[in-house]
Each structure stands twice: as C-alpha cells, then as structure tokens.
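Colleague: Got a predicted structure here, sequence first:
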Amino acid sequence: MSRWADLPKELLEMISKRLDSGVDALRFRAVCTSWRCSASLPSFDQEIPPLLLMLPQSNSADSVILRTTVWRMELVRKDPNSSSLSKSWLVKVGESKYGKLHLLNPLTNQKADAATSLDFLDFKFVRLSKAVFLKWSRRFPVFRINKDDKNFQYDDIMVRKDQFYVIDRWGTVSWIHPSLKVIQYCPSLYGCGGQKNLVESCGDLYVVGRYLDGERRTWEYYEDYNDNYFHSSGSRMQIGPKAVYFRVYKLDEERGTWVDVKSLDDRVFVLGMDCSFSISCREFSGGIGNCIYFVDGDDFAVWGSTAGHVFQLEDRSIEKLAVIPEFSEIFWPPNAGSSMSTNLDVYV
C-alpha cells in the first residue's frame, strides 16, 4: 500500500481529472489520505448535451440538478485462484450536485431502507446508464419544448450518440436540434400502445409500446413523484392505469422501417422511473432474459424493494416481482429481509 500512497501528486491529479462520477471519485478517494486529497468530487454539469434552455440560476435556493446512474456492481473475489463465477447485480446510485449519494431501487428510485454500510472497494462498477434532470420548487421535472403547442405530449427522452431523441404519444420519434427545433427521425408507430419508451440495445434503437387498461397518464400526474424524489418512504400518488400487454419494435435504420420484435433473446429491458436501458442477463447473478422490467400503476401503492413487474415475451405474461422473486435477483439491494440489504447515505 505504501507504494500506491507514494505516487507523485501530479500523476494522481491527472488520474482524478478523468473520474466522471461520484462513485468513481468515492472509490478513488477511499484508497488512502494522499489519494483523497488529490481528487475532488466531479461536477456533472458538463455531461448534459447543450440545449438553449432558460434554466433557473445555478445559485437559486429552490433548484437543484440531480443525477441517477445505473451500474453493474460486481463482487471482487478475494481469492484470485477461485474458479467460482463473480456475482453481479444492478444497482442505482443517485447523486446530487452537493456530493451526496443515495442507493436507490433500480426500478422505483426508492431509497434502500436497511442500515448496513457498503464498502465500494469490495466491488467493481461498470456504468450502464444515467439520467440527469433539474428539480425546482415548481416541481415539474421537464421543460416544454414548444410552449404554443397545447396538445403536445412526449412519453420519453433519451441521449443516443450525443444526440437528444424524444417519442411522442403518437409514436413519432424525433431528434432535438440544439436550437430546440424538433425534427422527425423515422416513420411514426401508430397504434403501439398508450405509453411508449425508447431503449437503446446493442447500438440499435427500440420502442417499447405499453398497452394500458385505462386512461394514460400526463406529466402533471408525476408532480407528487418529483416532489418526493429521494425522500419518500411511501407514495401519495393514486393508482394509475396498469399495463396489460407490451410490444417491442426495432428500427431498421437502413430501410427506415420498424420491425416487430418477438424475442429479446438474452437481453433484458428495464423501464425505470427516469431512464430505460438494456442489459444482458448473462452478466448478472440469477439473470433471466427475454423480459421487460417496469413500474406499473399499482406499484406506487406498495412502494418498496419488491415493487415492480416483469413482462415475459415468451408467453406474454405479466407478474409482480413479489410473486416471482427469482426475477428480482439481478437487483441490489435484494428483497427486504435479506442479509445484504443496505442503505447508502454518504458524503465524500
């Protein structure tokens, strides 16, 4: 350890400048005193692709930038000669601009509720997805792109290849020019469900259409969710419409057409509260592929580590994670009652 601690200050500063997340900085700073002094917490303001938005002043007391990052967390084997497979889980970490980290449920964003410490040096982290948004006292988590369009409704937004993409309620995917001009990117997907999500998987663009048993939600429905973000131990939101079916479409960019996808093979789509992403089940402990994880209308009434549903493409069935706990083994922390449940609330 003494050799690591004696690395030149200039080299440590060069390394620390390449750390682009609070988790990376936390692990770096935990090595020893000299490393901690060489690394400050990174600012993630520069990670947001440029859009000409009139944001509240950064020093405003009633506004804050929040970020969530989804990681593959792999347990580091203590015995390098061990032949056993490493265990990996999905974990989500929330980061505020002030350097505070929160361990969140990957689906619901609820803070983990047990009280055991987590040593980041025992794990290897691979970043899978991240979301950045602004929260302020007006409680709306999004901006209206065209204030004169009173009928607009965008279901999802994502950054792909350093470019913003959105999908509206009619299934039209568009990209957003830095001047905020919205340009249609591909043919519309009419009749593909009441709610839609954008997912990038293996470099390809997918749309997941969710068919609901009632009226679709509007953004105003999420005011209470945004107001309780990172804080709520329960939800004041009423039960919304429930998903009864899903369809998945893949964009054939050469032909400019959508392909109806019948199987995801070993892939898993996770439709979280603030971002959607794809993973390979082979990279996670107990992973089961060809399915979609999502938060449904009644999950807000039973907010907790077992909240969430899974749609299996093979038989087109929908089940609660609480009913089929083997499907929740990829998430960390595990279900309530497990010896590995933990809460993370750290200043670094």
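Modeller: Nice, thanks for sending it over. Residues are numbered from 1 along each chain as shown.
Colleague: C-alpha from now on. contacts and neighbour counts both.
Modeller: Fine.
Colleague: Tell me which residues are up against stretch 3-16.
Modeller: Stretch 3-16 has contacts (Cα atoms under 8 Å, 6 or more residues apart in numbering) with 25, 28, 32, 33, 34, 35, 38, 39, 40.
Colleague: count of neighbours near the second one?
Modeller: Using other Cα atoms under 10 Å, the number of residues around residue 28 comes to 21.
Colleague: hmm, back to that, with distance to residue 72, secondary structure and pLDDT added, can I get the contacts of stretch 3-16 in a markdown table?
Modeller: Shown next, in a markdown table, are the contacts of stretch 3-16 (distance: Cα to Cα, whole Å; DSSP: H, G, I helix; E, B strand; the rest coil; pLDDT from 0 to 100):
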| residue | distance to residue 72 | secondary structure | pLDDT |
| --- | --- | --- | --- |
| 25 | 17 | helix | 74 |
| 28 | 18 | helix | 77 |
| 32 | 25 | coil | 78 |
| 33 | 27 | helix | 76 |
| 34 | 28 | helix | 76 |
| 35 | 24 | helix | 75 |
| 38 | 26 | helix | 74 |
| 39 | 23 | coil | 72 |
| 40 | 24 | coil | 70 |
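Colleague: all strands for the stretch 1-150 of the chain, in order.
Modeller: Secondary structure of the stretch 1-150 of the chain by DSSP state E, counting those that start in this stretch: the strands cover 63-75, 88-96, 100-104, 123-136.
Colleague: how far off strand 88-96 does the shortest one point, in degrees?
Modeller: Using axes from the mean of the first three to the mean of the last three Cα atoms, to 10 degrees, the direction of strand 100-104 lies 140 degrees away from that of strand 88-96.
Colleague: Begin at 46 from now on, thanks
Modeller: Okay, residue one is now 46; in that scheme the one you just asked about reads as strand 145-149.
Colleague: pLDDT of strand 145-149, averaged?
Modeller: Strand 145-149 shows a mean pLDDT of 77.
Colleague: List the buried residues of it.
Modeller: Neighbour-count burial for strand 145-149, with 16 or more other Cα atoms under 10 Å as criterion, is recorded at 146, 147, 148, 149.
Colleague: one step back: hey, which of the strands of the stretch 46-195 of the chain is tucked in deepest?
Modeller: Ranked by mean neighbour count, the strands of the stretch 46-195 of the chain are led by strand 133-141 with a mean of 23 (mean count of other Cα atoms under 10 Å).
Colleague: Determine the set of other helices and strands touching that strand.
Modeller: Secondary structure elements in contact with strand 133-141, counted by 3 or more Cα pairs under 8 Å, 6 or more residues apart in numbering; DSSP states H and E, are strand 108-120, strand 145-149.
Colleague: Need those strands in a markdown table (columns: distance to residue 167).
Modeller: As requested, the helices and strands packed on strand 133-141 are exported to a markdown table (distance: least, Cα to Cα, whole Å):
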| stretch | distance to residue 167 |
| --- | --- |
| strand 108-120 | 6 |
| strand 145-149 | 16 |
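Colleague: Please identify which of these is closest to residue 315.
Modeller: Smallest distance to residue 315 across these (Cα to Cα): 10.7 Å, for strand 108-120.
Colleague: which other helices and strands contact the closest one?
Modeller: Strand 108-120 sits against strand 133-141, strand 168-181, with contacts defined as 3+ Cα pairs under 8 Å, 6+ apart.
Colleague: any idea which of the ones you listed scores lowest on pLDDT?
Modeller: strand 168-181 (a mean of 79).
Colleague: would you list the helices and strands packed on strand 108-120 in JSON lines and tack on distance to residue 237?
Modeller: As requested, these are exported to JSON lines (distance: least, Cα to Cα, whole Å):
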{"stretch": "strand 133-141", "distance to residue 237": "29"}
{"stretch": "strand 168-181", "distance to residue 237": "25"}
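Colleague: Mind listing residues that contact stretch 303-317?
Modeller: So stretch 303-317 is contacted by 151-153, 232, 234, 242, 244, 292-297, 321-327, 333-340, 358-359 (Cα under 8 Å, 6+ apart).
Colleague: hmm, 7 Å instead?
Modeller: 151-153, 293-297, 321-326, 334-340, 358 (Cα atoms under 7 Å, 6 or more residues apart in numbering).
Colleague: Now, of these, which are buried?
Modeller: Among those, those buried by neighbour count (16+ other Cα under 10 Å) are 151-153, 293-296, 321-326, 334-340, 358.
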